[in-house]
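K.L.:
My questions concern the predicted model and sequence given below.
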Amino acid sequence: MQIQNNVFIVTGGASGLGAATARMITEAGGKVVIADVQLEAGAALAAELGGQFVKCDVTLEADGLAVVDAAVKLGTLRGLVNCAGVAPAIKTVGKDGPHPLDAFQRAVNINLVGTFNMCRLAADAMGKLDASEYGERGIIINTASVAAFDGQIGQAAYGSSKAAVAGMTLPMARDLARSGIRVMTIAPGIFETPMLMGMPQEVRDSLGKMVPFPPRLGMPKEYAHLAKAIIENVMLNGETIRLDGAIRMQPK
């Protein structure tokens, strides 16, 4: 799979891991469609990269279709990288009572249903393309989290939604094999996302020291680097890769 001259959709592409991935795609000669609910940030980054921004709530079919339509009009759609997501921190039963059901449903709806929504729509479009080398037509990269495997206190909603994304990887790869579309998932550890960067420096330093090596927070460009390797290596399919510096999260 070549990035150069091909089109890639990046959900959650206005900031964090998604923005780094959008930059990587552009630097490698590809065209990017940034799909996000952050209007100003998304439009500004798309203008900077010479890409296209489409306002998108990943849970809505109409928004997903609009993103795919824009990508198809821009050129040959070969990839989707799903970085959109939310990370609530609420205990199953806390001081104020049981976990609000709507908060749990929102996390699952965005992180899992939204991911699946974009996958199915992009795969439908990519499956209609002429195959490239080795019969390949497209690549899908989803984002889970180490919380899928060792979720902390307060991460019942987040951890379960991300575990479902990881669990979706192999069956989806098998579903799409006949179309020549690969499916991979990246499970990042503690990364320099906008949410974490809003924390005090001492908190960020403390979190970084939890990582065996390198003892720091992951950088978004390192996520993008792995995404690039996945795109270019046709044998990477149906697997979840932890990108975490060997961390195993403690309960809290």
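P.N.:
Received the coordinates, thanks.
K.L.:
Just the element for residue 215, please.
P.N.:
Following DSSP states H and E, there is no helix or strand that holds residue 215.
K.L.:
mind checking how far it is from residue 192?
P.N.:
Separation of residue 215 from residue 192 (CB to CB, to the nearest Å): 14 Å. (Each C-beta comes from the backbone N, C-alpha and C, glycine too.)
K.L.:
More neighbours: those two, which one.
P.N.:
residue 192 (20 against 12; other CB atoms under 10 Å).
K.L.:
So the more buried one sits against residue 223, correct?
P.N.:
No. Using CB atoms under 8 Å as the test, residue 192 is too far from residue 223 to be in contact (9.9 Å).
K.L.:
which SS state does residue 86 fall under?
P.N.:
Following DSSP: H, G, I helix; E, B strand; the rest coil, we place residue 86 in the coil state.
K.L.:
Count the residues that sit near it.
P.N.:
With other CB under 10 Å as criterion, residue 86 counts 16.
K.L.:
phi, psi of the closest residue in space to residue 55 that isn't next to it in sequence?
P.N.:
With sequence-adjacent residues excluded and distances taken as CB to CB, 6 or more residues apart in numbering, residue 55 is closest to residue 39, at 6.1 Å. Dihedral angles of residue 39 (phi, psi; degrees, to the nearest 10) stand at phi -60, psi -60.
K.L.:
Distance check, residue 39 against residue 65.
P.N.:
Distance from residue 39 to residue 65, by CB to CB: 19 Å.
K.L.:
go on, residue 147?
P.N.:
In terms of CB to CB, residue 147 sits 30 Å off from residue 65.
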